[in-house]
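Asks: What would the 3D arrangement of this be:
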Amino acid sequence: MTTEPVRTWDSVEAAEVWKRGAARRAQAVAVATEQMLAAAALRPGMRVLDLAAGSGDQSLLAARIVGPAGSVLATDISSSMLAAAEEAADEAGLANIETLVADASTIDLPEGGFDAAICRFGLMFLPNLHAALVRVQRALKPGARFAMLVWSTEDNNPYIALQLDVVREMGRLPSSPPTLARTVSLSGPGQLERALNDAGFRDIQVSSVSTPRDFASLDEAFDAMFTSSPARGELTRGMSEDELEQYAAELKRRLVRFVQPGGRCVLPGEALLGIGVR
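Replies: Predicted coordinates:
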């Protein structure tokens, strides 16, 4: 397991970058997130586990659904991201969110302690997916649901694929898979279903959800690729100034085909929504 994801995400700067991209991210995955929360069958009074919660965008949404009689435990390996989640919860006036810094594959959770679990675009990065899923399964009450989102294939997500393709063609893709490459690591046919089945989940369902990214212009799309996620830095960290210019120019050239007649730049996207029952 590479330490690159930890290096990338566990810093104050990373949390700030992630927060700056929150509005764009929320727009792209709003429908998918709504479907995930519905699939988890959240209701007032529930105790919810949010695995790999990051800065807690979905934690806040879950906390509003379960209300003051319920609670959400947001866990993540990055203390800085969870600090951002705590700040957001305070700003929103939500007192029913707790945070826990922990590796999902070794996290200590009470057996049968949760009424539901969610994970939004985090499973792909776990150092030991099976161990993490087993722990989540045991932490749920019998009949409780675990709902998760992972990214579909590169072919279905040009926002991811364009950045990786340019770096690959330049021969500059890091030898250890960077975070952006790992985003699609659970996109293979039947891959998510098998992982959930092996961890003991039943009544497993996986379906696709559209996640288009709509930008006002090509320049806005290009700017988002460079500023909305700290993961982008892994792709170009060792590049020279000339290589960086080459990378940027080629990326912008490839974005042109997604520009609409009115000037908006719209990139299609797809996520996979998985559901498993304890």
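
Asks: Okay, now the unreliable bits of the stretch 101-250 of the chain?
Replies: Filtered on pLDDT under 70, the stretch 101-250 of the chain yields the residue ranges 229-231.

Asks: ranges for the strands of it?
Replies: When secondary structure is read from DSSP state E, counting those that start in this stretch, the stretch 101-250 of the chain shows strands at 114-120, 140-151, 202-210, 213-215.

Asks: For the shortest one, which helices and strands make contact with it?
Replies: If contacts are counted by 3 or more Cβ pairs under 8 Å, 6 or more residues apart in numbering; DSSP states H and E, strand 213-215 sits against helix 22-39, helix 218-227, strand 265-267. The C-beta positions use only the backbone N, C-alpha and C, and glycine is treated the same way.

Asks: Switch those over to TSV; also include mean neighbour count and distance to Gln246.
Replies: TSV is the format used below for these (neighbours: other Cβ atoms under 10 Å; distance: least, Cβ to Cβ, whole Å):
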stretch	mean neighbour count	distance to Gln246
helix 22-39	18	26
helix 218-227	16	14
strand 265-267	19	21
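
Asks: who are the neighbours in contact with the closest residue to Gln58 other than its chain neighbours?
Replies: Distance criterion Cβ to Cβ, 6 or more residues apart in numbering; nearest residue to Gln58, sequence neighbours excluded, is Arg120 at 4.6 Å. Residues counted as contacts of Arg120 (Cβ atoms under 8 Å, 6 or more residues apart in numbering) are Val29, Thr33, Met36, Asp50, Ala52, Ala53, Gly54, Asp57, Gln58, Met148, Leu149.

Asks: so which one among those has the lowest pLDDT?
Replies: Scanning those for pLDDT, the low point is Gly54. It has 91.

Asks: Which secondary structure state does the spatially closest residue to it that is not a sequence neighbour sit in?
Replies: Once flanking residues are discounted, Gly54 sits nearest to Met81: 4.9 Å by Cβ to Cβ, 6+ apart. Following DSSP: H, G, I helix; E, B strand; the rest coil, the label given to Met81 is helix.

Asks: hmm, back to that, which of the strands of the stretch 101-250 of the chain sits most buried?
Replies: When these are scored by mean count of other Cβ atoms under 10 Å, the highest mean neighbour count falls to strand 114-120 (a mean of 26).

Asks: re earlier: these two touch, right, the residue nearest to Gly54 and Ser59?
Replies: No. Look at Met81 against Ser59 with Cβ atoms under 8 Å: they stay out of range, at 10.8 Å.

Asks: shared neighbours, those two?
Replies: With Cβ under 8 Å, 6+ apart, Met81 and Ser59 have common neighbours Ala53.

Asks: Tell me how far the spatially most central residue of the chain lies from Ser55.
Replies: Nearest residue to the geometric centre of the chain (Cα atoms, centre = their mean): Phe121, 2.5 Å. Distance of Phe121 to Ser55, given as Cβ to Cβ, to the nearest Å: 12 Å.

Asks: go on, Leu42?
Replies: Taking Cβ to Cβ as the measure, Leu42 falls 20 Å from Ser55.

Asks: More neighbours: these two, which one.
Replies: Ser55 (28 against 25; other Cβ atoms under 10 Å).

Asks: Number of residues surrounding Arg64?
Replies: Around Arg64 there are 15 other residues, counting by other Cβ under 10 Å.

Asks: List the buried residues for the helix or strand encompassing it?
Replies: Using DSSP states H and E, Arg64 falls within helix 57-66. For helix 57-66, the neighbour count (16 or more other Cβ atoms under 10 Å) marks Asp57, Gln58, Ser59, Leu60, Leu61, Ala62, Ala63, Ile65, Val66 as buried.
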